[in-house]
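>>> My questions concern the predicted model and sequence given below.
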Amino acid sequence: MKITEIECKSALSSSSLPGLTYSLNPYRGCQHNCAYCYVPNVLRIPRSEWGGFVETRKNIPSILAKELKKKKPGVVGISTVTDPYQPIEKKYNLTRYCLEQLLIHDFPIHIQTKSNLVLRDLDLISKFSDVEVMFSIGTLNDSERKIVEPFTSSIEERLTAMKTFSKAGIKTTVFFGPIYPTIKLDDIPGIIDTFTSHGAKEMMVDKFNLKPGIFENIKRQYPTHYHLINDDVHYDRIFEEITMFCHKKNVKAISAF
């Protein structure tokens, strides 16, 4: 893993994602190395290099502090093209330092992660007046998770972290996606029960975003199921099932298809 310290010229970027005003990415690159990640295509990084480097924006907290004095308040998405709580965060603390600056101005924040390291910052996150913590979980099968998301926190660790945040009174949601191709309709009730019992108040559901290179990765890892990732009928049925069971649990389901 190549770690490089760089300096950035800006911290907050305008975001076109639903519900977000700004995006904040303390790192460029991600150690999680998920096989289905769309970011290499967005940032025009060779897929062969993705997961092998991280650039740490070492001055981003100070740049953010200056920008927050001038920016109009709006929801800050942390992060949109990297995981703010990937392992390198344990050393650099850039996400935490940025949270400290955001808290001074009490900007609304939306955190998305696959890591239970977010628990470290519960003390800060709980002080925001408007906050949401979203956990990305595409399967409950941790054996499969290890193949496709090799360096992420385990599914159980994420669920436990979500439950902790929920008990602390913080809005917790699940990004259920990309839905693994091995998931069947019969699995949905148990998955919804698991998410809701661990505090999920809302679910965003997504299928595989088939940017170049992703289909090939999944085909290698799921040779008997890969055809499902490009089957819109299959995903529509999955979402219908999710919607039905979420309604029973009084949980909002949103399609990101």
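Arrived safely.
>>> all strands of the stretch 51-200 of the chain, in order?
Ranges of strands in the stretch 51-200 of the chain, per DSSP state E, counting those that start in this stretch, are 53-57, 76-78, 109-113, 131-136, 171-176.
>>> Could you list the paired strands of the last one along with their orientation?
Think strand 171-176. Strand 171-176 has its sheet partners listed here by DSSP bridges as strand 131-136 (parallel), strand 202-205 (parallel).
>>> what's the answer for the first one, then?
Each strand that pairs with strand 53-57, with its direction, by DSSP bridges: strand 2-6 (parallel), strand 27-28 (antiparallel).
>>> cool, the shortest one as well?
Strands flanking strand 76-78 in the sheet, each with its direction: strand 22-24 (parallel), strand 109-113 (parallel) (DSSP bridges).
>>> I'd like these laid out as CSV, including mean neighbour count, mean pLDDT and distance to Pro178.
Bear in mind the C-beta positions are built from the backbone N, C-alpha and C, glycine included. Below are the strands paired with strand 76-78 laid out as CSV (neighbours: other C-beta atoms under 10 Å; pLDDT from 0 to 100; distance: least, C-beta to C-beta, whole Å):
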stretch, mean neighbour count, mean pLDDT, distance to Pro178
strand 22-24, 24, 98, 20
strand 109-113, 23, 98, 14
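>>> got CSV for those, with distance to Asp130 too?
Formatted as CSV, the strands paired with strand 76-78 follow (distance: least, C-beta to C-beta, whole Å):
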stretch, distance to Asp130
strand 22-24, 14
strand 109-113, 7
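>>> Can you verify my assumption that Ala11 contacts Lys69?
No: if you go by C-beta atoms under 8 Å, Ala11 and Lys69 don't touch, sitting 12.0 Å apart.
>>> More neighbours: these two, which one.
Ala11 (25 against 8; other C-beta atoms under 10 Å).
>>> Name the nearest residue to that one, sequence neighbours excluded.
Once flanking residues are discounted, Ala11 sits nearest to Leu64: 3.8 Å by C-beta to C-beta, 6 or more residues apart in numbering.
>>> Convert the longest helix along the chain to PDB, retaining C-alpha atoms only.
In the chain, with assignment by DSSP state H, the single longest helix is helix 232-248. C-alpha atoms of helix 232-248 as PDB (Å, rounded to 0.1, in the frame of the first residue of the first chain):
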ATOM      1  CA  ASP A 232     -33.200  -5.700 -14.300                       C
ATOM      2  CA  VAL A 233     -36.200  -8.000 -13.800                       C
ATOM      3  CA  HIS A 234     -34.400  -9.700 -10.900                       C
ATOM      4  CA  TYR A 235     -33.600  -6.400  -9.200                       C
ATOM      5  CA  ASP A 236     -37.100  -5.100  -9.700                       C
ATOM      6  CA  ARG A 237     -38.400  -8.200  -7.900                       C
ATOM      7  CA  ILE A 238     -35.900  -7.800  -5.100                       C
ATOM      8  CA  PHE A 239     -36.900  -4.100  -4.600                       C
ATOM      9  CA  GLU A 240     -40.600  -5.000  -4.600                       C
ATOM     10  CA  GLU A 241     -39.900  -7.600  -1.900                       C
ATOM     11  CA  ILE A 242     -37.800  -5.100   0.100                       C
ATOM     12  CA  THR A 243     -40.500  -2.400  -0.200                       C
ATOM     13  CA  MET A 244     -43.200  -4.800   1.000                       C
ATOM     14  CA  PHE A 245     -41.300  -5.900   4.100                       C
ATOM     15  CA  CYS A 246     -40.000  -2.400   4.900                       C
ATOM     16  CA  HIS A 247     -43.600  -1.200   4.900                       C
ATOM     17  CA  LYS A 248     -44.400  -3.800   7.500                       C
END
